[in-house]
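Chemist: have a look at this prediction, sequence included:
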Amino acid sequence: MPKFYIKHLTKYTYSNLVFDGASQIMLYPIENEFQKVVSQKIVVNNNPKIETRTDFYGNTVGTFMIIEPHDYLSILSEVEVITNEIDLPNNSAPIQKQWEELKSLKHNPEFIDYLKYTTFDGTDGIAELIKSKDLNKISPYNIVLEFSEYIYNNFKYIKGVTGVDSKLDHVWKLKAGVCQDFTNILLQKVRMLGIPARYVSGYICPNEENSRGEGATHAWIEAYIPFYGWLGVDPTNNTIANQFHVKLAAGKNYKDCAPVKGVFKGNVDDYLYVEVKVSSVKNGNDKFEVPEEKQPNSNKNSYQKNLELIQQQQQQ
């Protein structure tokens, strides 16, 4: 049962005073039999009261407001979490029976949202890839792992080649990107197979096998495996999300589980700094050194701007 200490800092610096800032945070690790939160402290400048609720997908959502004028917003989450190794699907049920079980979920309200996919330039290519597989001989579990391996082997992990407005078409053409891009591609593939799949936001913890995605929030999918349940699969590292993945939230897509988003009043430029530190050793002196502000972003003040910034800098 490994224990991890996670520090996650999100800091906006504004060129002038803003006010009436309303923010939503999804920084609360999910608690279940595989993941237990020992302690968590969330510190926000100006010390606003954080209200929490449970959303439609079972995620814990925090909201707060800073009404008084302020020239920065700092959100620091410090978490101590214990994880357990999961039990893998035994995959013993007859393959045809597994696929029949998935077909029965098509009209089940619990799974409908997780079966919808978007048509894009790669749809035909994925459809051809699926046609080339004999699903009478490949279980849902094995084909999800196979498609994860396909992305890992055929898409290059390169930061900066995709942006917040990059479409699946762009990622498919480049065959490159970061964890968010790979997760979105795998979601498409798995859903086109008729397997429910959801987007997961969280952290990846230090270990020998997982090297991509550290220093920021991470993303992977969860696929619904017949007679087992939801299984996390990380295409960025081509691994099953096990005791080295700490889950924050899950939903249809990124927007359902964005770690931080919000709005404010004020005509300003701003600069966003995000960093995540994960360690298996508690270190009270493990402080963030926020670099000097870079060139502020162009004037915008909208939910979309903040969402784009978080996507660009956190989902790496």
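Modeler: Great, that's in hand.
Chemist: contacting residues for Glu146?
Modeler: Residues near Glu146 by C-beta atoms under 8 Å, 6 or more residues apart in numbering: Ile138. Just so you know, the C-beta spots here come from the backbone N, C-alpha and C atoms, and that holds for glycine as well.
Chemist: what about it, distance to Tyr152?
Modeler: 11 Å (C-beta to C-beta, to the nearest Å).
Chemist: Ala127 too?
Modeler: On the measure of C-beta to C-beta, Ala127 and Tyr152 end up 21 Å apart.
Chemist: low-confidence bits of the stretch 151-300 of the chain, can you list those?
Modeler: The stretch 151-300 of the chain contains residues with pLDDT under 70 at 163-165, 208-211, 213, 215, 284-285, 292-300.
Chemist: just say helix, strand or coil for the residue positioned nearest the centre of the chain.
Modeler: Among the residues of the chain, the one closest to the centroid is Ser201, at 2.2 Å (C-alpha atoms, centre = their mean). Assigned with DSSP: H, G, I helix; E, B strand; the rest coil, Ser201 falls in the strand class.
Chemist: in space, what's closest to it - neighbours in sequence excluded?
Modeler: In space, and not counting its chain neighbours, Ser201 is closest to Cys257: 4.3 Å by C-beta to C-beta, 6 or more residues apart in numbering.
Chemist: and Tyr117, by the same measure?
Modeler: In space, and not counting its chain neighbours, Tyr117 is closest to Arg191: 4.2 Å by C-beta to C-beta, 6+ apart.
Chemist: count of residues packed around the one you found?
Modeler: Arg191 has 20 neighbours, counted by other C-beta atoms under 10 Å.
Chemist: using PDB, write down the CA coordinates of the helix or strand where it lies.
Modeler: Assigned by DSSP states H and E, Arg191 belongs to helix 179-192. Extracted C-alpha coordinates of helix 179-192, given in PDB (Å, rounded to 0.1, in the frame of the first residue of the first chain):
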ATOM      1  CA  CYS A 179      -1.900  12.800 -22.200                       C
ATOM      2  CA  GLN A 180      -5.200  14.700 -22.900                       C
ATOM      3  CA  ASP A 181      -4.800  14.100 -26.600                       C
ATOM      4  CA  PHE A 182      -4.100  10.300 -26.200                       C
ATOM      5  CA  THR A 183      -6.900   9.900 -23.800                       C
ATOM      6  CA  ASN A 184      -9.400  11.600 -26.200                       C
ATOM      7  CA  ILE A 185      -8.300   9.300 -29.100                       C
ATOM      8  CA  LEU A 186      -8.600   6.200 -26.900                       C
ATOM      9  CA  LEU A 187     -12.000   7.300 -25.800                       C
ATOM     10  CA  GLN A 188     -13.100   7.400 -29.400                       C
ATOM     11  CA  LYS A 189     -11.700   4.000 -30.200                       C
ATOM     12  CA  VAL A 190     -13.200   2.300 -27.200                       C
ATOM     13  CA  ARG A 191     -16.700   3.900 -27.600                       C
ATOM     14  CA  MET A 192     -16.800   3.000 -31.300                       C
END
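Chemist: tell me where the stretch 1-150 of the chain has helices.
Modeler: Ranges of helices in the stretch 1-150 of the chain, per DSSP state H, counting those that start in this stretch, are 95-103, 123-131, 140-154.
Chemist: what's the most buried one of these?
Modeler: When the helices of the stretch 1-150 of the chain are scored by mean count of other C-beta atoms under 10 Å, the highest mean neighbour count falls to helix 140-154 (a mean of 18).
Chemist: next, the angle from that helix to helix 95-103.
Modeler: 80 degrees (axes from the mean of the first three to the mean of the last three C-alpha atoms, to 10 degrees).
Chemist: for stretch 55-74, what is the spacing between the initial and final residues?
Modeler: End-to-end span of stretch 55-74 (C-alpha to C-alpha, to the nearest Å): 24 Å.
Chemist: ok, Asp169 - how many residues close by?
Modeler: When neighbours are counted by other C-beta under 10 Å, Asp169 comes out with 12.
Chemist: that should have said Val281, apologies.
Modeler: Using other C-beta under 10 Å, Val281 has 9 neighbouring residues.
Chemist: doesn't it lie inside a strand?
Modeler: No - looking at Val281 with three-state DSSP, it is coil, so not inside a strand.
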